[in-house]
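just a sequence and a predicted model for now, questions to come.
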Amino acid sequence: MEKVRETARGAKQASYELGLISSKVKNKALLAMAKALEVKAGSILAGNKKDLAAAKGLSPALVDRLTLNKDRIRSMALSLRAIVSLKDPVGQVINSWIRPNGLRIQKVRVPIGVTAIIYESRPNVTSDCIGLCLKSGNACILKGGKEAINTNRAVYRVLKSAAVKNGIPAGAINFIDSTRREAALSLLSLSDYIDLVIPRGWEGLIRFVQDNSRIPVIKHYKGVCHVYVDRFADLKMAREIAFNAKVQRPGVCNAMETLLAHKDIADKFLPEMIRRFREADVEIRGCSETCKIVKGLKKAKEADWSAEYLDLILSVKVVENLDAAIEHINHYGSRHSDSIVTGNKANALKFLNMVDSACVYANASTRFSDGYEFGFGAEIGISTDKLHARGPMALEELTTYKYKIFGNGQVRK
């Protein structure tokens, strides 16, 4: 599609201009954008109302991901202000040295260039991605899903208008105002103009992007997150952590999808824990041992152990020991976020070292896997890849580096 190509070409040119803009100008624009979100909240909520009206048939958890209100818009503005307070990574000298021939070499952090983000449902992604790309000197192209098209469009217009009025090149912030798959396919073919693609959304979207992209992709893959309750766990603490990890906001990628319990504490831990989950309308799908301990549960199928429910549904399994828990997580998990609850330091360290996930926790909820909670101000996604970024991606992860070499006439012999 020619319009998508023209957008990408303009973003490439703007990326060169954006790389020269000072932190002071970028921060001024970000503060103006945050204020604009609050001032123009009415227009954003009007767009969100249209999307919610069209969301019939979606699960309550997915509707929650889509829903905006004044508090959530205020949180979006707060994230932009938090980005302002963070150190600008662009121009940071990572290392420097002088060679025997007198060449002075610097390894310097620079923007990646043009980043395309293809995402679904959550409209706060629009503001977070624009803010992070701007501060890190990257032009961005946003392609949201049909569920939030009206909300995303409204957020984009508010933020771009404020940015351009404060010295940011118009081509640095872009939005593909189409929900057609052809628009995404066109975007994924433009390797001459786009340097990186970050998909955020359901498993099907991630696979679609990965299979069709001619551009490097960093995957924000599904969140099949676990909490393992060890035999040495404080069970009261474990119940609070597990409940928070599942119920506090079930429709997000860092919510727990599978609860694992050591066999030695399962009889004490699971009945009270499951009763509390049921009171919160959580559907439990248990292994055969879990179903023996607590009657009337739905039996878990093989597919449940690798399912990202994004809903008030939870798989529960009793495991033989710590090694079995680690093996289960590494086999069925998505390398996102996993937690152990234990009072045994050696077990905690073994879990943290052996579970192959981007974020591993000891005695804390998986719900902290979030750029804001990590002190990054916001995130552009949570990478489940290993290269070049892993875990919550923020400013530093949106940069690469180049070598600057200073000489005084050296030639190679």
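Great, that's in hand. Numbers count the residues shown, from 1 in each chain.

against residue 344, how distant is residue 266?
Distance, residue 266 to residue 344, by C-beta to C-beta, to the nearest Å: 17 Å. For every residue, glycine as well, the C-beta is placed using N, CA and C.

the two - which one has more neighbours?
Using other C-beta atoms under 10 Å as the criterion, residue 266 and residue 344 rank with residue 266 on top: 23 against 16.

what does that one show for phi and psi?
phi -60, psi -40 (degrees, to the nearest 10).

test my guess that it contacts residue 293.
Yes. If you go by C-beta atoms under 8 Å, residue 266 and residue 293 touch, sitting 5.9 Å apart.

any residues in contact with both of the two?
residue 318 (C-beta atoms under 8 Å, 6 or more residues apart in numbering).

what is the host helix or strand of residue 241 packed up against?
Following DSSP states H and E, one finds residue 241 within helix 235-247. Here helix 235-247 touches strand 225-229, strand 256-262, helix 263-279, strand 337-341, going by 3 or more C-beta pairs under 8 Å, 6 or more residues apart in numbering; DSSP states H and E.

6 Å - rerun?
strand 225-229, strand 256-262 (3 or more C-beta pairs under 6 Å, 6 or more residues apart in numbering; DSSP states H and E).

reformat these as JSON lines; add mean pLDDT, distance to residue 324 and mean neighbour count.
Formatted as JSON lines, the helices and strands packed on helix 235-247 follow (pLDDT from 0 to 100; distance: least, C-beta to C-beta, whole Å; neighbours: other C-beta atoms under 10 Å):
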{"stretch": "strand 225-229", "mean pLDDT": "98", "distance to residue 324": "10", "mean neighbour count": "28"}
{"stretch": "strand 256-262", "mean pLDDT": "98", "distance to residue 324": "8", "mean neighbour count": "27"}
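
export the ones you listed as JSON lines, with columns for distance to residue 71.
Formatted as JSON lines, these follow (distance: least, C-beta to C-beta, whole Å):
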{"stretch": "strand 225-229", "distance to residue 71": "25"}
{"stretch": "strand 256-262", "distance to residue 71": "24"}
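
for residue 317, find the nearest of those strands.
Comparing the helices and strands packed on helix 235-247 by their distance to residue 317 (C-beta to C-beta), the top pick is strand 256-262, with 5.4 Å.

ok and the closest one relative to helix 263-279, angle-wise?
140 degrees (axes from the mean of the first three to the mean of the last three C-alpha atoms, to 10 degrees).

can I get strand 256-262 as PDB, trimmed to CA atoms?
Provided in PDB are the C-alpha atoms of strand 256-262 (Å, rounded to 0.1, in the frame of the first residue of the first chain):
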ATOM      1  CA  MET A 256      -0.300 -15.900  36.700                       C
ATOM      2  CA  GLU A 257      -1.900 -18.600  34.500                       C
ATOM      3  CA  THR A 258      -0.600 -21.700  36.400                       C
ATOM      4  CA  LEU A 259      -0.100 -22.300  40.200                       C
ATOM      5  CA  LEU A 260       2.300 -25.000  41.200                       C
ATOM      6  CA  ALA A 261       2.300 -26.400  44.700                       C
ATOM      7  CA  HIS A 262       4.800 -28.800  46.400                       C
END
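
quick one, it and strand 225-229 angle?
20 degrees.

mind listing what strand 256-262 pairs with, with the direction of each?
As defined by DSSP bridges, the strand partners of strand 256-262 come to strand 225-229 (parallel), strand 313-319 (parallel).

any idea of the angle the shortest one forms with helix 235-247?
Read it as strand 225-229. 170 degrees.

what residues does strand 225-229 touch?
Outside of strand 225-229, the residues within contact range by C-beta atoms under 6 Å, 6 or more residues apart in numbering are 238, 242, 245, 256-261, 269, 325, 329, 336-341, 366.

in the lowest-mean-pLDDT helix or strand in the chain, which residues are buried?
Every helix and strand of the chain was ranked by mean pLDDT, DSSP states H and E. The lowest is helix 60-66, at a mean of 85. By neighbour count with 16 or more other C-beta atoms under 10 Å, helix 60-66 contains the buried residues 61-66.

ok, residue 111 - how many residues close by?
23.

bridged to it, which residues?
Where residue 111 sits in a bridge, its partners, by DSSP bridges, are residue 399.
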